[in-house]
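Colleague: Have a look at this prediction, sequence included:
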2 protein chains.
Amino acid sequence: MAKANLPSSEELMKLDNFLCFAIYSANHAFTRVYKPLLDELDLTYPQYLVMVALWEKDDQTVGSLGEKLFLESSTLTPMLKRLEAMGHILRTRDKADERQVRVQLTETGRALREKASRVPIGIADATGMEPAEVARLKQEIAALRASLLR
Amino acid sequence: MAKANLPSSEELMKLDNFLCFAIYSANHAFTRVYKPLLDELDLTYPQYLVMVALWEKDDQTVGSLGEKLFLESSTLTPMLKRLEAMGHILRTRDKADERQVRVQLTETGRALREKASRVPIGIADATGMEPAEVARLKQEIAALRASLLR
DNA sequence: CCAAAATAAATCGTTCGCGATATAATCGCA
DNA sequence: TGCGATTATATCGCGAACGATTTATTTTGG
């Protein structure tokens, strides 16, 4: 064959051919699937992600949470204040470097992990995919993210 | 071997193993890559998606746009009002059924398509992927979205 | 040692995104 | 026909999310 069938500019401009739109809409779909599960925990989806990050590693700074979650302090600060108001975390200035704020789980915050332990099962269910397939797709999307942020 | 190594509940609770988080963060990454390109058009990323949907098919109702974009009227109405204020679209009540609002491109809105035609190239570039690979990944994620919304 | 640069969070204004609810128009059926 | 149910959009309140800016602290170079 002479050459691959490159997509026409017409084809390129169709919404359903956009990788970004697939991701955008899949993200909304995830949010909707999580909603009823997280309502049980009185957490929003982004708040849940912050808690997961803290359950994995307690006592992080706002900056290190932001790096892991790819979020800015302008997003995290208000969220963390809400989690603090709910009693899940404590925010304290670092003694050694007063610029930094250390985020720590409270007993309540740690306890929530138990209730949350069933959430991943429910989500895995909703994907309708095998664990190995999920892992592969996740890996590909993480690689894409890395390319995009390069 | 006796059985597959099922992921432990500990492993399941790590942020980097979450498919949803890969998608969540890839979505943010896309938003950031689009930002400088869309600044040229004075459009936000969601506004751009609406315009793409209209360039593909003009004269749609709010409801049909919502179906295609997976968005509620409570999200679309304010967005469409902004696009109207910018002069890209017109919103008019359907004569035959006054409940519906028809969204139509203005001349300005149609003209913007030219300027936008270079955007997909820039994005494709940033993904660092072959068109065929992009198409495959897009397909898989669309299938995932369908499972989630089922 | 101290002023300038760098760093970490927080604040502000704007836009998205949703659920719940309101409003208005149309439909269905008794 | 007419009135209750359904449908389409809009409104409201709240929580993300970001860029630009501010404030406070620390680091660095002279």
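Modeller: Happy to help now that I have it. Numbering: from 1, shown residues only, chains lettered A, B, ... in the order given.

Colleague: quick one: what helix or strand has the most centrally placed residue in chain A in it?
Modeller: A centroid search over chain A (C-alpha atoms, centre = their mean) returns residue A:49, at 4.7 Å, as the residue closest to the centre. In this structure, residue A:49 sits in helix A:45-56 according to DSSP states H and E.

Colleague: again, but for residue A:91
Modeller: Going by DSSP H and E, residue A:91 is part of strand A:89-93.

Colleague: Please apply the same query to residue A:115.
Modeller: Per DSSP H and E: helix A:107-116 holds residue A:115.

Colleague: Next SSE downstream of that helix?
Modeller: Immediately after helix A:107-116, counting by DSSP H and E, sits helix A:119-127.

Colleague: relative to helix A:45-56, how tilted is that next one?
Modeller: For helix A:119-127 against helix A:45-56, the angle by axes from the mean of the first three to the mean of the last three C-alpha atoms, to 10 degrees is 130 degrees.

Colleague: The next helix or strand after helix A:119-127: which residues count as buried?
Modeller: Next helix or strand after helix A:119-127 toward the C-terminus (DSSP H and E): helix A:131-149. Applying a neighbour-count criterion of 16 or more other C-beta atoms under 10 Å in any protein chain shown, one finds A:134, A:137, A:138, A:140, A:141, A:142, A:143, A:144, A:145, A:147, A:148 buried in helix A:131-149. All C-beta spots, glycine's among them, are computed from the backbone N, C-alpha and C.

Colleague: which residues sit in contact with the last one?
Modeller: It refers to residue A:148. B:26, B:29, B:30, B:32, B:33, B:126, B:127 (C-beta atoms under 8 Å, 6 or more residues apart in numbering or on different chains).

Colleague: Would you mark the buried spots in the helix ranked longest in chain A?
Modeller: Scanning chain A for the longest helix, with DSSP state H as the assignment, gives helix A:19-39. Buried residues in helix A:19-39, counted by 16+ other C-beta under 10 Å: A:19-31, A:33-34, A:37-38.

Colleague: So which of those reach DNA strand C?
Modeller: Near DNA strand C, judged by C-beta under 7 Å from any atom of the strand, the entries from these are A:24, A:28, A:31.

Colleague: Of those, just say which sits nearest to residue B:77.
Modeller: Closest approach between these and residue B:77, by C-beta to C-beta: residue A:28, at 17.1 Å.

Colleague: how close does that closest one sit to residue B:137?
Modeller: 18 Å (C-beta to C-beta, to the nearest Å).

Colleague: Chain A against DNA strand D: which residues are in contact?
Modeller: Counting by C-beta under 7 Å from any atom of the strand, the residues of chain A near DNA strand D are A:44-47, A:70-75, A:78-79, A:82, A:96-99.

Colleague: contacting residues around the helix or strand bottoming out on mean pLDDT in chain A?
Modeller: Here the helix or strand of chain A ranked lowest by mean pLDDT, DSSP states H and E is helix A:9-12, holding a mean of 76. Residues from elsewhere that reach helix A:9-12, judged by C-beta under 8 Å, 6+ apart: A:17, B:117, B:120, B:121, B:124.

Colleague: Give the rounded mean pLDDT of stretch A:91-111.
Modeller: Across stretch A:91-111, the average pLDDT comes to 97.

Colleague: is any part of it close to DNA strand C?
Modeller: Yes: judged by C-beta under 7 Å from any atom of the strand, stretch A:91-111 comes into contact with DNA strand C through A:91, A:97, A:99, A:100, A:101.

Colleague: Return the member of the residues you listed nearest to residue A:65.
Modeller: residue A:101 (9.8 Å).
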